[in-house]
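Asker: below are the sequence and a predicted model; questions follow.
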Amino acid sequence: MSDSLETKLICPVPGCGCVVLGKGNAVKDASFVLEPKVEFPALPISTSKTPTDSTTFKYLWKVADKMDFWNIAFSLVLPGSGGHRMLACADCEVGPIGFQPVGSETCFIIPDRVLVKE
């Protein structure tokens with residue numbers, strides 16, 4: 001099994017369906033540790049698997065270049081974000097679904113905050 005994204009990742013909001021990231025545009029990264037700890041606001045949708053905060057993830061989808069996204073919105077650096085920019089759906093602006101560390105072109109999508117589409 002490859003560590004490359006073999007599906008599309010879509011916005012988790014019912015009725016939105018925006019494709020955030022296409023097949024082959026990310027790789028699994030099980031080694032990234034988010035420091036300092038970041039409190040991720042709850043998504044405004046009901047999901048039982050959405051964590052609200054974490055510094056260690058089972059894995060993240062690592063996107064090497066922000067231009068690889070199909071539809072994504074970037075926040076300013078927000079208070080409490082550890083200096084990271086938060087990522088949201090470009091169509092409905094729900095998020096955060098991921099983050100971009102300060103000073104890096106690399107972005108990370110949190111798997112529990114998006115849906116998979118074959």
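Answerer: Thanks, I have the structure now.
Asker: the one helix or strand residue 36 maps to: how far from the chain's middle?
Answerer: Here residue 36 sits within strand 33-39, counting by DSSP states H and E. Relative to the centre of its chain, strand 33-39 is centred 14 Å away, using Cα atoms, centre = their mean, to the nearest Å.
Asker: in that strand, which residues are buried?
Answerer: The neighbour-count check on strand 33-39 (16 or more other Cβ atoms under 10 Å) flags 34, 38 as buried. All C-beta spots, glycine's among them, are computed from the backbone N, C-alpha and C.
Asker: for it, packing partners?
Answerer: strand 53-56 (3 or more Cβ pairs under 8 Å, 6 or more residues apart in numbering; DSSP states H and E).
Asker: average pLDDT across the strand it packs on?
Answerer: Averaged over strand 53-56, pLDDT sits at 55.
Asker: same question for stretch 91-104.
Answerer: 90.
Asker: ok, now stretch 3-21?
Answerer: For stretch 3-21, the per-residue pLDDT averages 92.
Asker: send the alpha carbons of it over as CSV?
Answerer: What follows is stretch 3-21 as a C-alpha-only set of coordinates in CSV (Å, rounded to 0.1, in the frame of the first residue of the first chain):
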residue,chain,number,x,y,z
ASP,A,3,1.6,6.4,1.4
SER,A,4,0.4,8.6,-1.5
LEU,A,5,-3.2,9.9,-1.4
GLU,A,6,-5.2,7.5,-3.6
THR,A,7,-8.6,9.3,-3.4
LYS,A,8,-9.9,12.8,-3.3
LEU,A,9,-10.4,14.7,0.0
ILE,A,10,-13.7,16.7,0.2
CYS,A,11,-15.2,19.2,2.5
PRO,A,12,-17.1,17.4,5.4
VAL,A,13,-20.1,19.8,5.2
PRO,A,14,-23.3,18.0,3.8
GLY,A,15,-24.3,19.7,0.6
CYS,A,16,-20.9,21.3,0.0
GLY,A,17,-19.0,18.5,-1.7
CYS,A,18,-16.0,20.8,-2.6
VAL,A,19,-13.0,18.8,-3.6
VAL,A,20,-10.2,20.2,-1.4
LEU,A,21,-7.4,18.0,-2.6
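Asker: thank you kindly, that will do.
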